[in-house]
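**Q** Sequence first, predicted model second:
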Amino acid sequence: MSDAPPSQSTLPDRLAPPALVQLVESLLFVAGEPVTLVQLAKALELPVGAVGAAVDALEAECQGRGVRVQRDGEQMQLVSAPASARAVARFLGVQASGRLSPAALEVLAIIAYRQPLTRAQVDAIRGVDSSGTLRVLLTRDLVSEAGRRETVGRPILYATTSIFLQQFGLTSLTELPPMEIPHNGE
């Protein structure tokens with residue numbers, strides 16, 4: 001006897017397969033990290049368009065609930081609703097020592113609005129060295145390396161992460177409030 005679960009084709013008729021939206025929600029729930037539409041479609045053995053429509057439907061269903069579909073470029077994941085942040089933080093025992101310094105918030109804002117940027121570009125905008133602050137943001141996984149600039153020395157480009165979106169209760173960068181960042185770093 002095999003330990004493998006029965007395929008959908010061998011399930012008894014009384015156990016109808018779950019709706020596509022439910023399957024997408026289940027996969028996003030267990031993924032533990034952002035996934036792409038292509039990954040979901042491959043796992044479900046369905047066309048990307050059909051899975052995309054199911055993700056859109058799930059996103060609409062999640063409005064007003066305790067979870068949301070968070071998108072970051074081509075990737076998406078299931079996250080807690082921004083309105084639940086305080087309760088979730090208390091539940092998880094997050095301490096106030098997890099706050100970011102004003103310098104870290106400044107660097108994070110510069111990167112969020114102008115990404116991808118090199119450290120030198122951030123330094124030019126701020127007028128001070130940002131290497132220590134960038135290390136803190138990298139350690140907290142709020143920013144990550146997003147490639148290298150095609151110039152002499154090929155400096156590292158930095159961009160925000162999906163953790164940044166979660167921490168600030170955003171589902172995408174388009175939700176950032178309008179702000180003018182000087183272009184001194186170019």
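**A** Ah, there it is.

**Q** Next, Gln63: phi, psi?
**A** Main-chain dihedrals, Gln63, degrees, to the nearest 10: phi -60, psi 130.

**Q** go on, Ala43?
**A** Backbone geometry at Ala43, expressed as degrees, to the nearest 10, gives phi -60, psi -40.

**Q** Which strand or helix spans the nearest residue to it once chain neighbours are set aside?
**A** Distances taken as Cβ to Cβ, 6 or more residues apart in numbering place Leu27 nearest to Ala43, at 6.0 Å, with adjacent residues excluded. The way it works is simple: take the backbone N, C-alpha and C, and place the C-beta from them, glycine included. When elements are assigned from DSSP states H and E, Leu27 belongs to helix 20-31.

**Q** what about the helix or strand just after that helix, average pLDDT?
**A** The helix or strand immediately downstream of helix 20-31 is strand 35-36, counting by DSSP H and E. On average, the pLDDT along strand 35-36 is 94.

**Q** Check what contacts strand 35-36 and list those residues.
**A** For strand 35-36, contacts defined as Cβ atoms under 8 Å, 6 or more residues apart in numbering pick out 27-28, 74-77.

**Q** Can you pick out the most distant pair from those?
**A** The most widely separated members of the contacts of strand 35-36, counting by Cβ to Cβ, are Leu27 and Glu74 (15.7 Å).

**Q** Comparing these two, which residue is more hemmed in?
**A** Leu27 (16 against 11; other Cβ atoms under 10 Å).

**Q** Now for that one: which residues touch it?
**A** Applying Cβ under 8 Å, 6+ apart, the residues near Leu27 are 35, 40, 43-44.

**Q** Please determine how far Ala124 is located from Arg114.
**A** Relative to Arg114, Ala124 is positioned 11 Å away (Cβ to Cβ, to the nearest Å).
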